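> Next input, structure requested:
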Amino acid sequence: MRRSEINRLMRDAVRFFQEQRFHLPPFAFWSPEEWRKKGYEADEIRDNGLGWDITDFGSGDFGKVGLLLFTLRNGNVRDPRYRKPYAEKALIVGPGQVTPWHYHKSKMEDIIVRGGGRLVMELALKAPDGGLSDEPVRVSVDGVVREVPARGRVVLGPGESITVEPDMYHTFYGEEGGGKVLVGEVSSVNDDATDNFFLEPVGRFPEIEEDEPPLYLLCTEYPSASEEAL
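Residues are numbered from 1 along each chain as shown. Coordinates of the predicted model:
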């Protein structure tokens, strides 16, 4: 992805969050220059991957296969300093914009439509060979159990949510013909390094072509505090 595209997506996201009256924390707007001045006091943000996360999953076409996330809070399964057993994210999903089939071994999550259009979720259980099972899926939608066929769809409107359990494959996208969807994710600790398992190989974090300076840093780009004097 080009840096200019990432910067544009960040600007568009800020406008959409404002339209939805969803407020980001102050660190969302720290410039690269401000980040270079931050000491160990900001380590929770660095160590737990908080902040901007934009990916095209290696597709080269963010509008068709991609996702914009902002991680608001998170624990850390490898560092006892961070004791939060939960995580929270805000996602923006475009109409027809696909997040590919994947599952988590450890993380349980509620996916919540906070505003905008409708979100389409497709679900399947993990088969013994690691692929998609043909078994039906029992899933909780706002506390009400539903059974959907393998690869079946659940469409969620604003205020609705679904619980995605470990080993449950899922893919999602905004409903065609609708608007952007503001999605919340409330989960157990999120570990992108070891707990994302995609059905097909993807690039989780983008390779970036630096055609202009960054507006804000992505969560994978923070300078460490040891690089700067406190």
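
> ok now stretch 137-154, how far from the chain's centre?
Relative to its parent chain, stretch 137-154 has a centroid offset of 21 Å by Cα atoms, centre = their mean, to the nearest Å.

> ok, now stretch 8-24?
From the chain centre to the centre of stretch 8-24 is a distance of 15 Å (Cα atoms, centre = their mean).

> List the beta-bridge partners for the closest residue to residue 180 other than its chain neighbours.
Excluding the flanking residues, the one nearest residue 180 by Cβ to Cβ, 6 or more residues apart in numbering is residue 116, at 5.0 Å. For every residue, glycine as well, the C-beta is placed using N, CA and C. Beta-bridge partners of residue 116, counted by DSSP bridges, are residue 181.

> And the pLDDT at residue 116?
Per-residue pLDDT puts residue 116 at 98.

> Same question for residue 204.
Value listed for residue 204 in the pLDDT field: 88.

> Contact partners for it?
With contacts defined as Cβ atoms under 8 Å, 6 or more residues apart in numbering, the neighbours of residue 204 are 55, 57, 192, 196.

> How about residue 168?
By Cβ under 8 Å, 6+ apart, the contact list for residue 168 reads 103, 123, 124, 125, 126, 137, 139.

> cool, and residue 122?
Going by Cβ under 8 Å, 6+ apart, residue 122 touches 101, 151, 152, 153, 154, 170, 171, 172.

> Identify the spatial nearest neighbour of the residue nearest the centre of the chain, chain neighbours not counted.
With distances taken as Cα atoms, centre = their mean, the residue of the chain nearest its centroid is residue 69 (4.2 Å). In this structure, residue 69 finds its nearest non-sequential neighbour in residue 53, 4.2 Å apart by Cβ to Cβ, 6+ apart.

> Could you export the biggest helix by length in the chain as PDB, CA atoms only?
Looking across the chain with DSSP state H, the single longest helix is helix 3-19. Provided in PDB are the C-alpha atoms of helix 3-19 (Å, rounded to 0.1, in the frame of the first residue of the first chain):
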ATOM      1  CA  ARG A   3       1.600   5.900   2.300                       C
ATOM      2  CA  SER A   4      -0.600   8.400   0.500                       C
ATOM      3  CA  GLU A   5      -3.400   5.900   0.400                       C
ATOM      4  CA  ILE A   6      -3.000   5.100   4.100                       C
ATOM      5  CA  ASN A   7      -3.000   8.800   5.000                       C
ATOM      6  CA  ARG A   8      -6.200   9.300   2.900                       C
ATOM      7  CA  LEU A   9      -7.900   6.300   4.600                       C
ATOM      8  CA  MET A  10      -7.000   7.800   8.000                       C
ATOM      9  CA  ARG A  11      -8.500  11.200   7.100                       C
ATOM     10  CA  ASP A  12     -11.600   9.500   5.800                       C
ATOM     11  CA  ALA A  13     -11.900   7.400   8.900                       C
ATOM     12  CA  VAL A  14     -11.600  10.400  11.200                       C
ATOM     13  CA  ARG A  15     -14.500  12.100   9.400                       C
ATOM     14  CA  PHE A  16     -16.600   8.900   9.500                       C
ATOM     15  CA  PHE A  17     -15.900   8.500  13.300                       C
ATOM     16  CA  GLN A  18     -17.000  12.100  13.800                       C
ATOM     17  CA  GLU A  19     -20.200  11.600  11.700                       C
END
